[in-house]
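Student: sharing a sequence plus its predicted fold:
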Amino acid sequence: MKISIGSKNPSKIGAVKSIFACDEVISMNVPSQVSNQPFSDSETKEGAIHRATGSLTASSSDIGIGLEGGVMNVDDKLYLCNWGALVTRDDIIFTGSGARVLLPEKIGAELQKGIELGDVMDDYAHKKHIRKKEGAIGILTNNQVSRKEMFIHVVKLLYGQWEYWKQN
Ligand SMILES: O=P(O)(O)OP(=O)(O)OP(=O)(O)OC[C@H]1O[C@@H](n2cnc3c(O)ncnc32)[C@H](O)[C@@H]1O
Ligand SMILES: [Mg+2]
């Protein structure tokens with residue numbers, strides 16, 4: 001079975017490969033059709049769906065997967081959020097979201113200026129390419145949960161829903 005994923009980010013590809021272990025995984029950049037830095041659950045989820053459908057349309061895969069990172073407000077505080085979507089050839093869409101973590105106010109202020117979280121995080125932690133490695137969630141949890149591990153959980157939610165649907 002062939003799976004496409006709408007991203008070239010290694011933490012996203014790694015998560016998909018961990019769960020769909022013996023399948024062929026095709027990765028490609030496709031437009032998320034939302035802002036580079038989504039600012040709500042809804043926008044982040046839409047981005048994930050567009051990445052999944054975009055990769056399906058652009059390849060001969062059996063299912064398409066999209067994973068999208070964003071931020072969202074709870075009680076006037078910004079949290080990191082992540083969404084995933086799995087789309088089948090007959091247009092069934094499964095979605096699920098990942099762990100959330102509070103963003104320090106300093107980070108929230110930079111995001112409000114229009115800077116992407118990936119860039120804000122590199123500045124904040126004095127590191128490079130955090131988005132492709134441990135991620136904001138890895139930095140903020142002192143590496144208890146990496147971005148790949150968080151995405152593995154999201155991919156499990158998608159995989160499980162899809163398996164259940166196939167059996168029923
Ligand atoms: O190549 P793509 O797939 O776009 O990978 P990305 O790292 O840009 O990831 P997203 O577009 O899904 O994330 C949207 C924005 O949020 C940032 N972001 C989200 N989660 C992050 C994390 O855990 N660590 C660092 N940056 C993160 C990311 O850098 C983008 O600016
Ligand atoms: Mg991006």
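Tutor: Structure's in. What do you need? Numbers count the residues shown, from 1 in each chain. Ligands and ions are numbered 1, 2, ... in the order given.
Student: so, in contact with ligand 1 or not, stretch 133-153?
Tutor: Yes - applying Cβ under 6 Å from any ligand atom, one finds that stretch 133-153 is in contact with ligand 1 at 135, 136, 137, 147. C-beta: built from backbone N, CA, C; applies to glycine.
Student: would you check which pair of the residues you listed lies furthest apart?
Tutor: 136 and 147 (7.4 Å; Cβ to Cβ).
Student: between those two, which one's more packed in?
Tutor: Under the neighbour definition other Cβ atoms under 10 Å, residue 136 and residue 147 were set side by side, and residue 147 has more, 28 against 24.
Student: could you say what helices and strands the helix ranked longest in the chain packs with?
Tutor: Once the chain is assigned using DSSP state H, the helix that runs over the most residues is helix 147-167. With contacts defined as 3 or more Cβ pairs under 8 Å, 6 or more residues apart in numbering; DSSP states H and E, helix 147-167 has these neighbours: helix 10-19, strand 63-74, strand 77-88, strand 93-97, helix 135-140.
Student: mind putting those in a markdown table, distance to residue 155 and mean pLDDT included?
Tutor: Listed next are the helices and strands packed on helix 147-167 as a markdown table, based on distance: least, Cβ to Cβ, whole Å; pLDDT from 0 to 100:
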| stretch | distance to residue 155 | mean pLDDT |
| --- | --- | --- |
| helix 10-19 | 5 | 96 |
| strand 63-74 | 7 | 97 |
| strand 77-88 | 6 | 97 |
| strand 93-97 | 9 | 98 |
| helix 135-140 | 15 | 96 |
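Student: may I see those organised as a markdown table, with distance to residue 160 added?
Tutor: Output for those, formatted as a markdown table (distance: least, Cβ to Cβ, whole Å):
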| stretch | distance to residue 160 |
| --- | --- |
| helix 10-19 | 9 |
| strand 63-74 | 13 |
| strand 77-88 | 10 |
| strand 93-97 | 9 |
| helix 135-140 | 21 |
